[in-house]
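[1] Give me a 3D structure for the following:
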Amino acid sequence: MALPVLCVVLAVICLPAGLAKKADVVEITDNNWREILEGEWMVKFYAPWCPACHKLQPEWKDFAEWGEDLNVNVAKVDVTAQPGLSGRFVITALPTIYHCKDGVFRKYQGSRTHKDFISFISEKEWESLEPMSTWFGPDSILMNGMSTLFQLSMLIRQWHNYFVDDLGVPVWGSYIIFALVTLFLGLVLGLVMVFVADYLCPAKRHRPQGRMYASKYPLTLRHKVEEPVHWMYTLACFYSSRYSPFISSTP
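    Next comes the predicted model:
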């Protein structure tokens, strides 16, 4: 009698655990986002303060319960905690849903119910959507730079809050600090660029005029060129000293 009761208790305990495992939604961060480049994924970008995201949450959870049967991974990204991914995927509206199949991304634009999500995967409706350009793909050089820019902006915001809230620095004082840091970094970067440019493309040194003249004319021809000029100069000096009324002749 005790054995059947024990089996029922164990079944009740294990059943929710099994369902929870099946209904898990993968949390994507900057550290593990490359996992979505392999296999088939549906990724939701959301924010805790977004009302539409809260409305979508139960539908997304119900859709995740079918992930194992549909052979699709269901994931989510909190853009407030992962600003780099927000810039990498160019998130301009919330919630935003992407479908990814072996590294090819398509933006989902259909209805936001779990039945529509299931139909989108089972009927392969994603094939009718235009894939994202490789230039704007999340693993492209351009989007890597965009991700870094968003992470930098979030870091600056955190430092600003630290200066104002923790250290008691006025808001205008925090702005002045960032302005001075930006100016200093700009000067350092400009100096480094000048050194690099001078090293890669050194300026050509100009030869003195005498050397250019000597290399242009051979020695024998140079005497012939200089000789008429010498006699003309001597003759001009002679006439100017003899006939010019402004120059007094020496006794």
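[2] Checking my notes, Lys44 in a strand, right?
    Yes. Remark: Lys44 belongs to a strand, assigned using DSSP: H, G, I helix; E, B strand; the rest coil.
[3] The closest residue to it other than its chain neighbours - how many residues pack around it?
    Of all residues not flanking Lys44 in the chain, Lys76 sits nearest, at 4.6 Å (CB to CB, 6 or more residues apart in numbering). Glycine gets a C-beta too; all of them are placed from N, C-alpha and C. Residues lying near Lys76 (other CB atoms under 10 Å) number 21.
[4] Give me the buried positions along the helix or strand Lys76 falls within.
    If you go by DSSP states H and E, Lys76 is part of strand 73-78. For strand 73-78, burial by neighbour count (16 or more other CB atoms under 10 Å) applies to Asn73, Val74, Ala75, Lys76, Val77, Asp78.
[5] State the distance from the first one to Phe105.
    Counting by CB to CB, to the nearest Å, the gap from Asn73 to Phe105 is 14 Å.
[6] looking at it, Leu37 is touching Phe105, isn't it?
    No. Leu37 is beyond contact range of Phe105, at 9.4 Å (criterion: CB atoms under 8 Å).
[7] of the two, who's got more company?
    Phe105 (22 against 15).
[8] What segments of the stretch 51-200 of the chain are strands?
    With strands called from DSSP state E, counting those that start in this stretch, the stretch 51-200 of the chain shows them at 73-78, 96-101, 104-108.
[9] other SSEs contacting the first one?
    So the one you mean is strand 73-78. When contacts are defined as 3 or more CB pairs under 8 Å, 6 or more residues apart in numbering; DSSP states H and E, strand 73-78 packs onto strand 26-27, strand 40-46, helix 51-64.
[10] switch to 6 Å and redo it
    Judged by 3 or more CB pairs under 6 Å, 6 or more residues apart in numbering; DSSP states H and E, the packing partners of strand 73-78 are strand 40-46.
[11] list the helices and strands the strand it packs on packs on?
    Secondary-structure packing of strand 40-46 (3+ CB pairs under 6 Å, 6+ apart): strand 73-78, strand 96-101.
[12] for that strand, what is the average pLDDT?
    For strand 40-46, the mean per-residue pLDDT is 95.
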